[in-house]
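Visitor: Coordinates for the following, if possible.
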Amino acid sequence: MAPPGGSGVTAASLASFFAERRSIEQVELGDELAPRFDHDGLLPAIVVDAKSHEILMLGYMNAEALARTLHSREAHFWSRSRQAIWRKGEHSGFTQTVERILVDDDQDALVLHVRVNGPGSCHVGFRSCFYREIDMGTVKGADPVRVRQIETDLAFDAAAIYAGLPNPTRI
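Guide: A predicted model of the protein is given here:
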């Protein structure tokens with residue numbers, strides 16, 4: 001069966017592309033991809049640099065984004081802020097070529113090992129979206145917990161790359 005691709009992805013083609021979930025044994029130990037999308041139709045996907053193993057980002061995929069990713073070998077996601085499919089790097093040019101995808105035990109989460117075709121993955125301009133860490137020393141009392149920057153140098157000029165585009169971060 002040929003995987004769906006491009007704008008020709010239909011509900012019918014997706015239904016035949018992924019296996020129907022028939023049993024716990026099939027999902028946990030079988031050899032069929034039978035993803036379980038959440039109530040919004042999404043599946044979390046952690047993206048890791050294939051060479052350095054650095055965690056780059058967390059995205060969400062719906063069935064179409066996953067099918068497009070598998071077919072093209074380029075990472076596609078569902079943008080919750082724009083309510084649309086997007087190919088990572090479609091604006092910046094910093095695409096993510098998928099080298100490997102891990103599926104968790106109950107097939108409701110993915111880890112994509114990618115090769116980043118550019119200096120970074122974060123819309124803020126850093127290499128990784130995980131450029132801060134929780135300051136564990138601030139976890140006490142009623143004061144807000146603090147975070148500190150661990151990646152200090154920008155990988156690219158986000159303002160120039162994304163000029164004119166809305167910021168996907170929502171308050």
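
Visitor: For Trp86, give me its contacts.
Guide: Applying CB atoms under 8 Å, 6 or more residues apart in numbering, we find Trp86 in contact with His76, Phe77, Trp78, Ser79. Where C-beta positions appear, they are placed from N, C-alpha and C, glycine not excepted.

Visitor: Find the helix or strand that the most centrally placed residue in the chain is a member of.
Guide: Centroid-nearest residue in the chain: Gly59, 2.8 Å away (criterion: CA atoms, centre = their mean). Per DSSP states H and E: Gly59 is located in strand 55-61.

Visitor: if we can go back for a sec, are any of the contacts of Trp86 buried, and if so which?
Guide: Buried members of those, scored by 16 or more other CB atoms under 10 Å, are His76, Phe77, Trp78.

Visitor: Secondary structure, pLDDT and distance to His123 added to those, as TSV?
Guide: TSV is the format used below for those (DSSP: H, G, I helix; E, B strand; the rest coil; pLDDT from 0 to 100; distance: CB to CB, whole Å):
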residue	secondary structure	pLDDT	distance to His123
His76	strand	98	16
Phe77	strand	98	12
Trp78	strand	97	16
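
Visitor: Need those in a markdown table (columns: distance to Glu28).
Guide: Converted to a markdown table, these look like this (distance: CB to CB, whole Å):
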| residue | distance to Glu28 |
| --- | --- |
| His76 | 26 |
| Phe77 | 26 |
| Trp78 | 25 |
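
Visitor: quick one: which of those is nearest Asp143?
Guide: Of all those, the one with the least separation from Asp143 (CB to CB) is Phe77, at 35.1 Å.

Visitor: Quick check: the gap between that closest one and Asp135.
Guide: Per CB to CB, to the nearest Å, Phe77 is found 29 Å from Asp135.

Visitor: Same check on Thr97?
Guide: 35 Å.

Visitor: So those two - more neighbours on which side?
Guide: Thr97 (15 against 11; other CB atoms under 10 Å).

Visitor: who are the neighbours in contact with the more buried one?
Guide: Arg73, Glu74, Val114, Arg115, Asn117.
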